[in-house]
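Visitor: Just need the structure, nothing else, for what follows:
(one chain, ligands or ions: 1)
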Amino acid sequence: MKKLQARREKVIATLVGGVGALVRANKITLVTAEAKFVDAHTIEAGGKKITSDFFIIATGSDVFMPPFIAQEGKNTLITSREALTLDKVPGSIAIIGGGVIGVEFAALLNRLGSRVTVLELLEHIMPMVDPEVSGLAKKRLEQDGVVFKMQAKVTKVKDNTVHYELGGKQESVKADMVLMAVGRVPHTAGLNAEGIGIEFDRKAIRTDSRLRTNIPNIYCIGDVNAKVMLAHVASHEGMIAVENICGHDAEMRYDRIPSCIYLDPEIACIGLTEAQAKESGRKIKVGKFKMAGNGKSLVEGDTDGLVKVILDADLGEILGLHMYGKHVTEMISELSVATTLEATADEIIESIHPHPTVSEAIPEAFMAAYGRQIHGM
Ligand code: NAD
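Guide: Numbering: from 1, shown residues only. Predicted coordinates for the structure are as follows:
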């Protein structure tokens, strides 16, 4: 664990140092202080007033500590923040929440030797992933020893015992450590955003697709607008905000955001799940390809996986694509480009995918939607 943490710190120091160098090279003045709005053109930071034509709020999010989960007695309760800096592997851990954070830490800590129990309120883990794909990951994690309690409503943590309701019964699990992973909330404390009239949607600062708040010269990007809490969304929103500030017209497309989940094998997805596509009322076609039929996956020694594509039946438009397998987080960018170019299924099938690569599984899934699959039945 010490070696792992030392490497993590080294990688982060390199990345942060790199950003620091970019800030200096671009002659950006960096003020390290808590900022508070005075009016729409003025902030106060470190005892000084700073005026500007435009502002971009990017204050991020905090871990959500749900008021409906009581904390009693003496608990070793951690959040993702502490989970990233553990100095030793807990003998056992109960994870509240089977979202991305819960499942990623479940996989990691299980691999490091901890006995892991995940408690999830809903029927499926990681709701943005098609359940057929997330189900494969869940099955693999269960084979590795992770215990999932699904449709379990956690109500209380007392003396490291997590109490939950399941099928009308009260149950509990005791662990050396408890990880709270039931979501994150926008961070706006101390900013005085309400004070200058910035409008909110519950706890998030309200923005439109050009990242504008209701105040014309104030923009807002990242977790604090709570649109989609992902790092690559925040950085793309940053570019869109700056384009608009500079007088260009740029818009964020929230229906084309790829998502990557770092398990082993990995999950990557973009767009709608099959159920969401059906709910939208469109006529759909679904194509699937199992990694067992992919040569490179066989070479890699892990054929657990699936590519599932959801298409508009009439137009061949890509509505969603979900993958589980080796390297899929690297492969999803193809679909990000394809959806930006409004490519159809035909164009993916016509694009030559090199052999041997795991990416060959993508056109196979598209062909399967039309009964034209070659390397599968
Ligand atoms: P989340 O909202 O994705 O998942 C929280 C889960 O907790 C949900 O599945 C919910 O049903 C469950 N839950 C809520 N109340 C519960 C209760 N009382 N008992 C049992 N389960 C309960 O939140 P998260 O996993 O904490 O992640 C926060 C944000 O960070 C998300 O937007 C996520 O996408 C992002 N994130 C993404 C990545 C990645 O993409 N690789 C990694 C880390 C974080």
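Visitor: which residues does Leu335 contact?
Guide: For Leu335, the contact set (CB atoms under 8 Å, 6 or more residues apart in numbering) comprises Pro258, Ile270, Gly271, Ile318, Leu321, Ile362. In short, each C-beta sits where N, CA and C put it, glycine included.
Visitor: again, but for Lys296
Guide: Lys326, Pro356, Thr357, Val358, Glu360.
Visitor: ok, for the last one, nearest residue in space, not its chain neighbours?
Guide: Setting aside the residues directly before and after it, Glu360 is nearest to His353 in space (CB to CB, 6 or more residues apart in numbering), at 4.8 Å.
Visitor: any idea of the pLDDT on the one you found?
Guide: pLDDT recorded at His353 is 98.
Visitor: how many neighbours does it have?
Guide: 16 (other CB atoms under 10 Å).
Visitor: In contact with it, which residues?
Guide: So His353 contacts Ser359, Glu360, Ile362, Pro363 (CB under 8 Å, 6+ apart).
Visitor: Go through the contacts of Leu335 and give me the one with the most neighbours.
Guide: Neighbour tally across the contacts of Leu335 (other CB under 10 Å): the maximum, 31 neighbours, falls on Leu321.
Visitor: Can you spell out which residues form a bridge with that residue?
Guide: Ile270, Val309 (DSSP bridges).
Visitor: ok, now Cys220?
Guide: Under the criterion used here (DSSP bridges), Cys220 is bridged to Ile57.
Visitor: That one touches Leu211, doesn't it?
Guide: Yes: taking contacts as CB atoms under 8 Å, Cys220 lies within contact range of Leu211: 6.3 Å.
Visitor: Now this protein against the ligand: closest residue?
Guide: Closest residue of the chain to the ligand, CB to the nearest ligand atom: Gly99 (1.9 Å).
Visitor: any idea how far Val133 is from that residue?
Guide: Gly99 sits 15 Å away from Val133, going by CB to CB, to the nearest Å.
Visitor: Now do the helices in the stretch 51-200 of the chain.
Guide: For the stretch 51-200 of the chain, the helices defined by DSSP state H, counting those that start in this stretch occupy 80-83, 100-111, 131-143.
Visitor: just checking, what packs against the second one?
Guide: In this structure, helix 100-111 makes packing contacts with helix 80-83, strand 92-96, strand 115-120, helix 131-143, strand 259-261, judged by 3 or more CB pairs under 8 Å, 6 or more residues apart in numbering; DSSP states H and E.
Visitor: Give me the angle between the fourth one and strand 115-120.
Guide: Spelled out, it's helix 131-143. 150 degrees (axes from the mean of the first three to the mean of the last three CA atoms, to 10 degrees).
Visitor: CA atoms only: put helix 131-143 into PDB for me.
Guide: The C-alpha trace of helix 131-143 is given here as PDB (Å, rounded to 0.1, in the frame of the first residue of the first chain):
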ATOM      1  CA  PRO A 131     -27.700  -3.300 -17.200                       C
ATOM      2  CA  GLU A 132     -26.700  -6.100 -19.600                       C
ATOM      3  CA  VAL A 133     -23.100  -4.700 -19.600                       C
ATOM      4  CA  SER A 134     -23.000  -3.600 -16.000                       C
ATOM      5  CA  GLY A 135     -24.400  -7.100 -15.100                       C
ATOM      6  CA  LEU A 136     -21.300  -8.700 -16.600                       C
ATOM      7  CA  ALA A 137     -19.000  -6.600 -14.500                       C
ATOM      8  CA  LYS A 138     -21.100  -7.300 -11.400                       C
ATOM      9  CA  LYS A 139     -20.900 -11.100 -12.100                       C
ATOM     10  CA  ARG A 140     -17.200 -10.900 -12.500                       C
ATOM     11  CA  LEU A 141     -16.800  -8.900  -9.300                       C
ATOM     12  CA  GLU A 142     -19.000 -11.500  -7.500                       C
ATOM     13  CA  GLN A 143     -16.800 -14.300  -8.800                       C
END
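Visitor: so, in contact with the ligand or not, it?
Guide: No: if you take CB under 6 Å from any ligand atom as the test, helix 131-143 misses the ligand, and the best it gets is 10.7 Å.
Visitor: Write out the residues of this structure neighbouring the ligand.
Guide: Residues of the chain lying near the ligand (CB under 6 Å from any ligand atom): 69, 96-102, 104, 119-122, 127, 152-154, 181-184, 229-230, 259-262.
Visitor: Glu120 is in contact with Ile101, isn't it?
Guide: No: judged on CB under 8 Å, Glu120 makes no contact with Ile101 at a distance of 11.9 Å.
Visitor: Settle it for me: which of the two has more neighbours?
Guide: When Glu120 and Ile101 are compared on other CB under 10 Å, the one with more neighbours turns out to be Glu120, at 27 against 21.
Visitor: show me the contacts for the more buried one.
Guide: For Glu120, the contact set (CB under 8 Å, 6+ apart) comprises Gly97, Gly98, Gly102, Phe148, Lys149, Met150, Gln151, Ala152.
Visitor: The second one contacts Leu119, doesn't it?
Guide: Yes: contact between Gly98 and Leu119 holds when scored by CB under 8 Å: they sit 7.4 Å apart.
Visitor: if we can go back for a sec, possible to save the helices and strands packed on helix 100-111 as JSON lines with mean pLDDT?
Guide: Below are those laid out as JSON lines (pLDDT from 0 to 100):
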{"stretch": "helix 80-83", "mean pLDDT": "96"}
{"stretch": "strand 92-96", "mean pLDDT": "98"}
{"stretch": "strand 115-120", "mean pLDDT": "98"}
{"stretch": "helix 131-143", "mean pLDDT": "98"}
{"stretch": "strand 259-261", "mean pLDDT": "98"}
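Visitor: Just the buried residues of stretch 294-304, please?
Guide: By neighbour count on 16 or more other CB atoms under 10 Å, the buried set for stretch 294-304 is Asn294, Lys296, Ser297, Glu300, Thr303, Asp304.
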